[in-house]
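# Compute the structure for the input listed below.
(2 chains)
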Amino acid sequence: MHIDWFTALAQALNFLVLMWLMKRFLYKPILNAIAAREKHISDQLANAADKESKAQKEQGAFKQKNDTFEKEKTKLMNEAQAEADAIHTKLLKKAEAEAEELRSKKKEALKTELDDLSADILKQTKEQVFALSSKVLGELADATLEERMVAVFIKRLHALNDKEKAAFASDSAIITSAFALPSAQQKALKAEIKSDTLKFKITPELVSGIELSANGHKLAWSVSDYLETLEKEAARAA
Amino acid sequence: MQLSPDEIIFWQYGFVKLNSTIITSWALMAILTIGAMLITRGLAHEAKVSRWQSFLEIIVTNINKQIKEAGLDNPEKYISFLGTLFLFIAASSLCTLLPFYTPPTASLSTTVALALCVFVAVPFFGITSRGIGGYLDSYIQPTIIMLPFNIISEFSRTLAMAIRLFGNMMSGGMIVGILLSITPFLFPIVMTVLGLLTGMVQAYIFSILATVYIAAAIRSPTEKPVTNEKDLQHG
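Model (predicted):
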């Protein structure tokens, strides 16, 4: 059990060499690898955190944008809906108005047509009636009828009051008849209106009848007169 | 029976000689270096690492951790010295499993050499850390009366380290040798296992003592041992 100083020295030297070798081949690479790995991991973590925060920020921005878009969409939709409603109402009103107008026009047209038709019918009826009446009365008319007529006329004259009679008692008084009156009847008429200057005129258009006119006054009894009255009545009924 | 591998001399010229101690040391150095080279040749810097790399990383990070726990805040600076001390002594002990092997640490010359390295390293680190004045100041702490005792302690602890390691390593081999001659095969195997344990413990003790000495040398006397408190808090 002794110390061999040469061996001790050699071992110390060996140890120093081993120290260097270990430092060179073991500690340095291993520690570097660990440091690099830790840096890598921390870098990755930092990167991930960075990415996460960025993603969250982006998500927030996107959400906000989405919300805005949604709001805008709803607003636009509402606006469009309102507009469509307005247009709808307007169109409906217009269509109703048009329909109403059309209906009234149609009604009017119908009425006009009806009026026309009724007027036409009336006119034709009137014409027929007049034609028939004229024909019947024309065929029936003769001196006897005339006489009866004059008699009726004298009766009516007789029924007039004095004031009315006086209106006819003028020089311009004129008796119009469809046929020539017999002198007896002329006399009777003259006596009735107390006028000697009474003139007599024959007008076949009267069909059958007699008419007294003087100073703008007129007293008549004729088929034409009746027909005129009937026509007036018919026009009023239409 | 030979007490020391120093006595097995392979080659000699004057006082220069190649004995078993030196040759075995070289072999161990070669194994450690080549192993480290092979493993660290293709180091992965990514998250996925090989088994062997993990193994080395566990060793290195644990050495770092031990240094830090012993009170040195910047373990990377001391790992070359303290880590190599541990690895060399541990490898020497581990190889006792091999036949015809005598650990170099069973030679007093080797342990003295290692103890002398510590003896030199303590003031070296102390001076680089605190300056020469600061380092020398630690010898007169807490009072100047302690100066001779501090100096004596410096030498005695170096001697104690050398002798402790030598004694333990030598006795392991010795016990196996003696038991082999008096008992059958089974018992020496148990003792070899025990020797392995002792060797690992000694490697730990030797390097942790060196760490503590260096820590004491670089720490200013007024400074509290902060790291120990931290460890207590953590632990």
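# where does chain B dip in pLDDT?
Applying pLDDT under 70 to chain B picks out residues B:1-3, B:45-47, B:184, B:220-235.
# which stretches of chain B form helices?
For chain B, applying DSSP state H gives helices covering B:20-41, B:51-70, B:75-94, B:108-137, B:147-182, B:186-218, B:226-234.
# A:T89: neighbouring residues, count only.
10 (other CB atoms under 10 Å in any protein chain shown). Quick note: C-beta positions are derived from backbone N, CA and C, even for glycine.
# which residues touch it?
When contacts are counted by CB atoms under 8 Å, 6 or more residues apart in numbering or on different chains, A:T89 is found next to no other residue.
# secondary structure element for it?
A:T89 is part of helix A:28-140, with elements assigned from DSSP states H and E.
# Flag the helix or strand of chain A with the lowest per-element mean pLDDT.
Every helix and strand of chain A was ranked by mean pLDDT, DSSP states H and E. The lowest is helix A:223-237, at a mean of 70.
# can the helices of chain B go into TSV with extra columns for distance to A:K106?
TSV is the format used below for those (distance: least, CB to CB, whole Å):
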stretch	distance to A:K106
helix B:20-41	109
helix B:51-70	103
helix B:75-94	110
helix B:108-137	120
helix B:147-182	131
helix B:186-218	120
helix B:226-234	105
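# Centre of the chain to the helix holding A:T89, how far?
The gap between the average C-alpha position of helix A:28-140 and the chain average comes to 22 Å, counting by CA atoms, centre = their mean, to the nearest Å.
# same deal with stretch B:166-181?
Relative to the mean C-alpha coordinate of its chain, stretch B:166-181 is positioned 20 Å out (CA atoms, centre = their mean).
# Kindly report the same for stretch A:24-35.
Between the centre of stretch A:24-35 and the centre of its chain there are 99 Å (CA atoms, centre = their mean).
# same deal with stretch B:73-81?
Taking CA atoms, centre = their mean, the mean C-alpha location of stretch B:73-81 is offset from the chain mean by 14 Å.
# likewise stretch B:53-64?
With CA atoms, centre = their mean as the basis, stretch B:53-64 stands 17 Å off its chain's centre.
# same check, this time on stretch B:177-189
Distance of stretch B:177-189 from the chain centroid (CA atoms, centre = their mean) equals 29 Å.
# What residues sit buried inside that stretch?
Buried positions in stretch B:177-189, judged by neighbour count with 16 or more other CB atoms under 10 Å in any protein chain shown: B:L179, B:P188.
# now do stretch B:192-211
Residues of stretch B:192-211 classed as buried under the neighbour-count rule (16+ other CB under 10 Å) are B:192, B:195-196, B:198-199, B:202-203, B:205-211.
# Then stretch A:29-40?
Taking 16+ other CB under 10 Å as the basis for neighbour counts, the residues of stretch A:29-40 that come out buried are A:P29, A:I30, A:L31, A:A33, A:I34, A:R37.
# Now pLDDT too, for these, in JSON lines please.
Putting the buried residues of stretch A:29-40 into JSON lines (pLDDT from 0 to 100) gives the following:
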{"residue": "A:P29", "pLDDT": "89"}
{"residue": "A:I30", "pLDDT": "89"}
{"residue": "A:L31", "pLDDT": "88"}
{"residue": "A:A33", "pLDDT": "87"}
{"residue": "A:I34", "pLDDT": "87"}
{"residue": "A:R37", "pLDDT": "86"}
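# and chain B, which of these contact it?
With CB under 8 Å from any CB of the partner chain as the criterion, the members of the buried residues of stretch A:29-40 in contact with chain B are A:P29, A:I30, A:L31, A:A33, A:I34, A:R37.
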